[in-house]
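Enquirer: Here's a sequence, model it:
(4 chains)
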Protein chains: 2
Amino acid sequence: MVQRGRRTERVSGDERQDAILVTAEALLGERALDDISIEELAKGAGISRPTFYFYFSSKDEVLLALLDRVIDQVERQVGALPRNFESDPVGAWTRSIGMFIDVFVAHRAVATAAIAARGRNAEVRALWSRSMQSWADFTTGVIQSEQSRGAAPGGIDAHDLAVGLNLMNERVITAVLNRESPTVAESRALDVLSTIWIRSIYGSDHPEIP
Amino acid sequence: MVQRGRRTERVSGDERQDAILVTAEALLGERALDDISIEELAKGAGISRPTFYFYFSSKDEVLLALLDRVIDQVERQVGALPRNFESDPVGAWTRSIGMFIDVFVAHRAVATAAIAARGRNAEVRALWSRSMQSWADFTTGVIQSEQSRGAAPGGIDAHDLAVGLNLMNERVITAVLNRESPTVAESRALDVLSTIWIRSIYGSDHPEIP
DNA sequence: CGAGATAGTCAACACCGTGTTGATTGATGC
DNA sequence: GCATCAATCAACACGGTGTTGACTATCTCG
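Expert: Numbering: from 1, shown residues only, chains lettered A, B, ... in the order given. Just a heads-up that it's a prediction; the model follows:
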């Protein structure tokens, strides 16, 4: 971008702050947060280490800022989830789980770093749990309505079921993305997850359609 | 313990090594490994920091040693898993999952620390995955035989299903133990997990018994 | 315009945790 | 009584974090 108007040698604060975030996200694509020094983040943004502290009070604050943006997208994504569970339960659930996977894939670096930081940082933990809550709440609502219209068996609390299945998604997807072992082939992950969801919500591969 | 025989001022190496492990496990009950310094481990074992390095080359080595002992127990535990799936599928699965939970509860500190370290340490990752593999292999075998005797529907690879469900167990149990949110009440965890297992393996709450 | 506020910057410092070196000590065996 | 070996630790080197205090550029308002 070309400088317009009077030449200002000094770059604005917002640009610097953004440069730190961009640098952080790029480096998180290669390495864990622990292996990235504040020096590197500062260098990447063209500033010195003490100046970094002018913008963020720690590395974790940077992660928090990145995670914040992801959370916003998650909430938008959850709002755009399919609603046609009565007419096409299997398709609707599969598309919901597909969205969950897509968010993880799109923000792989931030998600991985957040999961690692969750253990030691309460703010990260709170923010992460907020986004999982979004999925769980949506899921709970759908399961409840499927149960009350008689398509899904009861015998288990809808919220418990929703939480269990969403935690499974989180864990299976991180295992797939990090190529852990044991794991599931990436190409089959969506199929495996939706099969488990359908069977454990409806007690069958072919839920009734009114 | 009272000194017997000739008085030896100096304690034996094995005792020291053990004292480090005992100290580590105790401290891991309160704090994460990152928040425990080698100084503390050394102090707890009655030695100086440099001497710690005579016994272990790093903090992670200590965790690895603790984890090793857990792995042994896991393998013994898996060997003792019920085999009466044909006559009482629901009971047998419930007892298997119960054992999984028991191992986590019994070694909560080590398990939590290992999960946190898994992200940065390849050896911890390898060791952890070995124990998950034990559960997954056992589970895969049972699912396969249930599928081939016609009690469980196919449509999904037995190993994929086994891995997915075991990863769910790991994640749900850690969420419960760490009182994360969203989570499942501790008292209902076993019930929730076994319901999901039964439904997704058999496609029903009441598998056929020959 | 000029004085004071405000935003941004960084050299230098204090601190803490890790891992290493090299010298020392007490048992053990020959 | 001498050599060996396991065990020990003071002292050091290093790298990362977070803070201080002084400095500079830009903006603002009388």
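
Enquirer: now the helices for chain A?
Expert: Along chain A, counting by DSSP state H, helices occupy A:13-28, A:38-44, A:49-55, A:59-79, A:89-106, A:108-118, A:122-148, A:158-177, A:186-202.

Enquirer: quick one: contacts of the second one?
Expert: Outside of helix A:38-44, the residues within contact range by C-beta atoms under 8 Å, 6 or more residues apart in numbering or on different chains are A:19-20, A:22-24, A:26-27, A:48-49, A:51-52, A:59, A:62. (Glycine included, C-beta is placed from N, CA and C.)

Enquirer: okay, and the helix or strand of chain A with the least pLDDT?
Expert: helix A:13-28 (a mean of 94; mean pLDDT, DSSP states H and E).

Enquirer: Run through who's touching it.
Expert: Under C-beta under 8 Å, 6+ apart, the answer for helix A:13-28 is A:36, A:40-42, A:44-47, A:51-52, A:55-56, A:62-63, A:65-66, A:109-110, A:112-113.

Enquirer: Filter those residues down to the buried ones and express that as a ChimeraX selection.
Expert: The command below creates a ChimeraX selection of those among the contacts of helix A:13-28 that count as buried (16 or more other C-beta atoms under 10 Å in any protein chain shown):
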select /A:36,40,41,42,44,45,47,52,55,56,62,63,65,66,109,110,112,113
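
Enquirer: Ok, which of the helices of chain A comes nearest residue B:144?
Expert: Smallest distance to residue B:144 across these (C-beta to C-beta): 15.5 Å, for helix A:186-202.

Enquirer: helices or strands next to the closest one in the packing?
Expert: Counting contacts by 3 or more C-beta pairs under 8 Å, 6 or more residues apart in numbering or on different chains; DSSP states H and E, helix A:186-202 is packed against helix A:89-106, helix A:122-148, helix A:158-177, helix B:158-177, helix B:186-202.

Enquirer: Let's have the ones you listed in JSON lines, adding distance to DNA strand C.
Expert: Below are the helices and strands packed on helix A:186-202 laid out as JSON lines (distance: least, C-beta to the nearest atom of the strand, whole Å):
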{"stretch": "helix A:89-106", "distance to DNA strand C": "30"}
{"stretch": "helix A:122-148", "distance to DNA strand C": "19"}
{"stretch": "helix A:158-177", "distance to DNA strand C": "26"}
{"stretch": "helix B:158-177", "distance to DNA strand C": "24"}
{"stretch": "helix B:186-202", "distance to DNA strand C": "32"}
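
Enquirer: Residue A:156 contacts residue B:191, doesn't it?
Expert: Yes. Between residue A:156 and residue B:191 a contact is recorded at 7.3 Å, counting by C-beta atoms under 8 Å.

Enquirer: Just to check, residue A:140 is in contact with residue A:157?
Expert: No. If you go by C-beta under 8 Å, residue A:140 and residue A:157 don't touch, sitting 9.0 Å apart.

Enquirer: separation between the residue minimising distance to the centre of chain A and residue A:200?
Expert: Centroid-nearest residue in chain A: residue A:104, 4.9 Å away (criterion: C-alpha atoms, centre = their mean). When distance is defined by C-beta to C-beta, to the nearest Å, residue A:104 is 21 Å away from residue A:200.

Enquirer: Would you mind measuring from the residue nearest to residue A:155 when sequence neighbours are not counted to DNA strand D?
Expert: Spatially, and ignoring its direct neighbours in sequence, residue A:155 is nearest to residue B:205 (6.4 Å; C-beta to C-beta, 6 or more residues apart in numbering or on different chains). In this structure, residue B:205 and DNA strand D are 51 Å apart, going by C-beta to the nearest atom of the strand, to the nearest Å.

Enquirer: got it, and residue A:49?
Expert: 6 Å.

Enquirer: Chain neighbours aside, what residue packs nearest to that residue?
Expert: Using C-beta to C-beta, 6+ apart, the closest residue to residue A:49 is residue A:42 (4.8 Å).

Enquirer: likewise residue A:132?
Expert: residue B:182 (5.8 Å).

Enquirer: now swap in residue A:208 and tell me
Expert: Nearest non-adjacent residue to residue A:208, counting by C-beta to C-beta, 6+ apart: residue A:151, 5.2 Å away.

Enquirer: same question, residue A:133
Expert: Per C-beta to C-beta, 6+ apart, closest to residue A:133 is residue B:182, 5.4 Å.

Enquirer: Give me the neighbour count for that neighbour.
Expert: With neighbours defined by other C-beta atoms under 10 Å in any protein chain shown, the count for residue B:182 comes to 21.

Enquirer: Let's see the pLDDT reported for it.
Expert: pLDDT, residue B:182: 97.

Enquirer: What distance do you get for residue A:48 to chain B?
Expert: Noted for residue A:48: a distance of 27 Å to chain B, by C-beta to the nearest C-beta, to the nearest Å.

Enquirer: Contacts only, for that residue.
Expert: residue A:42 are the contacts of residue A:48 under C-beta under 8 Å, 6+ apart.

Enquirer: Grab the nearest non-local neighbour of residue A:34.
Expert: Closest to residue A:34 by C-beta to C-beta, 6+ apart is residue B:120, at 6.2 Å.

Enquirer: Domains in chain A, by residue range?
Expert: Per automatic domain parsing, the structural domains of chain A span A:13-55, A:59-202.

Enquirer: Might you quantify the distance of the first one from its chain's geometric centre?
Expert: Taking the mean of its C-alpha atoms, domain A:13-55 sits 22 Å from the chain's own mean (C-alpha atoms, centre = their mean, to the nearest Å).

Enquirer: Same question for stretch A:156-166.
Expert: Once both centres are worked out by C-alpha atoms, centre = their mean, stretch A:156-166 turns out to sit 19 Å from its chain's centre.

Enquirer: Low-confidence ranges, chain A, go.
Expert: A:1-13 (pLDDT under 70).

Enquirer: If we go by neighbour counts, what in stretch A:91-111 is buried?
Expert: For stretch A:91-111, the neighbour count (16+ other C-beta under 10 Å) marks A:92-97, A:99-101, A:103-104, A:107-111 as buried.

Enquirer: among the residues you listed, which two are most distant?
Expert: A:92 and A:109 (29.6 Å).

Enquirer: Centre of the chain to stretch A:73-86, how far?
Expert: Taking mean C-alpha positions (C-alpha atoms, centre = their mean), stretch A:73-86 and its chain are 14 Å apart.
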